[in-house]
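Asker: would you be able to build a 3D model of this:
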Amino acid sequence: MESDGSRRRFTIKGYTFGDGTPRIVIPIMGLTDEELFGHAEKVRQEIDRLDVLYPENPELHVAVIEWRADYYIDILKPGKLTEVLGKLRELFNDRVLLFTFRTEEQGGYLRPDRAMMKLYEIMPVVIQSGCVDLVDVEAATGNYNIARATMKSHEQGIKVIISYHDFYTTPHDSDIIEKLRKMEILGGDILKIAVMPKNEFDTRRMMELNTRMTAECFRPVVIISMGETGMISRMKGKETGACLTFASIGQESAPGQIEAEDLMALLKNQ
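Answerer: Numbers count the residues shown, from 1 in each chain. This is a model prediction of the structure:
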């Protein structure tokens with residue numbers, strides 16, 4: 001893993017974050033081993049096919065595989081958690097592996113056994129597994145818990161995405177800037193905000209803010225407008241400086257995600 005002195009960019013497995021290229025993230029999901037690895041195998045086959053389509057455009061290749069672990073029914077069994085992480089690491093050894101456990105309040109798939117406190121049992125196992133390159137830590141977990149998770153992750157050489165989601169509205173610019181500043185202070189390596197626009201103006205406002213904060217922050221930034229109205233924000237990462245863009249292969253994990261092949265075609269023409 002490499003980083004430059006400014007901390008504005010870093011590189012994992014040959015993929016640089018914060019250099020102006022929106023790195024493509026694909027989520028994988030499944031309630032059971034059969035569903036999870038069925039989806040994972042499908043994703044593996046598809047990204048290999050897409051790599052061949054763009055041999056001279058490595059910036060279009062899928063860089064990050066995100067395991068949305070909040071969907072997995074055996075997530076609270078440490079042995080199963082470690083086993084799944086090991087298999088995913090082997091299957092996607094050439095990609096950046098991101099672990100995300102999304103709480104219900106932030107758009108996660110929550111069942112009765114998914115109390116928010118369970119995250120504090122899960123994350124240490126993930127960090128110590130040696131299998132992941134990135135972890136997602138929600139801003140809603142509170143400053144102490146964010147700082148603790150970030151410190152433990154960094155001790156193991158793992159980078160941290162600090163994220164905040166609003167599935168109902170698009171906050172004022174000042175509120176989002178305040179959140180990004182706090183994420184930066186708390187040690188986030190990537191600062192992520194995802195909001196729901198009411199209209200195209202909201203989406204454009206977030207795209208302009210992404211451009212501004214990419215220049216002002218010392219860490220890579222991504223601000224996403226979700227849903228159909230916000231879809232253009234996922235396509236214009238080169239324009240705004242967004243360090244990530246989320247696409248789908250078979251299943252989407254958030255409103256407005258575009259199929260990977262379609263997104264790559266759009267990015268290539270920019």
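Asker: which strand or helix spans residue 135?
Answerer: Per DSSP states H and E: residue 135 is located in strand 134-138.
Asker: tell me which strands that strand pairs with, and in which orientation.
Answerer: Counting by DSSP bridges, the strands paired with strand 134-138 are strand 96-100 (parallel), strand 159-166 (parallel).
Asker: just put those in a markdown table and tack on mean neighbour count.
Answerer: Using the backbone N, CA and C atoms, a C-beta is placed for each residue, glycine as well. Formatted as a markdown table, the strands paired with strand 134-138 follow (neighbours: other CB atoms under 10 Å):
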| stretch | mean neighbour count |
| --- | --- |
| strand 96-100 | 23 |
| strand 159-166 | 23 |
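Asker: closest one to residue 243 among the ones you listed?
Answerer: Distance to residue 243, taken as CB to CB, is lowest for strand 159-166 among the strands paired with strand 134-138, at 9.7 Å.
Asker: bridging residues for the residue nearest to residue 136 when sequence neighbours are not counted?
Answerer: In space, and not counting its chain neighbours, residue 136 is closest to residue 100: 4.0 Å by CB to CB, 6 or more residues apart in numbering. Taking DSSP bridges, one obtains residue 68 as the residues bridged to residue 100.
Asker: is residue 120 in contact with residue 145, as I believe?
Answerer: Yes: at 7.3 Å, residue 120 counts as touching residue 145 under the criterion of CB atoms under 8 Å.
Asker: which of those two has more neighbours?
Answerer: Between residue 120 and residue 145, residue 145 has the larger neighbour count (other CB atoms under 10 Å), namely 17 against 12.
Asker: list the contacts for that one?
Answerer: Neighbour list for residue 145: 120, 137 [criterion: CB atoms under 8 Å, 6 or more residues apart in numbering].
Asker: local confidence estimate at it?
Answerer: Note for residue 145: predicted pLDDT of 86.
Asker: what angle do strand 96-100 and the helix or strand containing it make with each other?
Answerer: Secondary structure assignment for residue 145, by DSSP H and E: helix 143-155. Orientation check (axes from the mean of the first three to the mean of the last three CA atoms, to 10 degrees): helix 143-155 against strand 96-100 gives 160 degrees.
Asker: in helix 143-155, what's buried?
Answerer: Going by neighbour count (16 or more other CB atoms under 10 Å), the buried part of helix 143-155 is 145-146, 148-150, 152-153.
Asker: how about stretch 223-237?
Answerer: Using 16+ other CB under 10 Å as the test for burial, stretch 223-237 gives 223-226, 229-237.
Asker: then stretch 211-223?
Answerer: Using 16+ other CB under 10 Å as the test for burial, stretch 211-223 gives 211-214, 217, 219-223.
Asker: hang on, the earlier thing: could you dump the strands paired with strand 134-138 into a markdown table and include mean pLDDT?
Answerer: Formatted as a markdown table, those follow (pLDDT from 0 to 100):
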| stretch | mean pLDDT |
| --- | --- |
| strand 96-100 | 97 |
| strand 159-166 | 96 |
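Asker: which elements pack onto the longest helix seen in the chain?
Answerer: In the chain, taking DSSP state H as the definition, the longest helix is helix 33-53. Here helix 33-53 touches strand 23-28, strand 62-68, helix 78-91, helix 260-268, going by 3 or more CB pairs under 8 Å, 6 or more residues apart in numbering; DSSP states H and E.
Asker: could you give the angle of it to helix 260-268?
Answerer: Using the same axes, to 10 degrees: helix 33-53 against helix 260-268 is 30 degrees.
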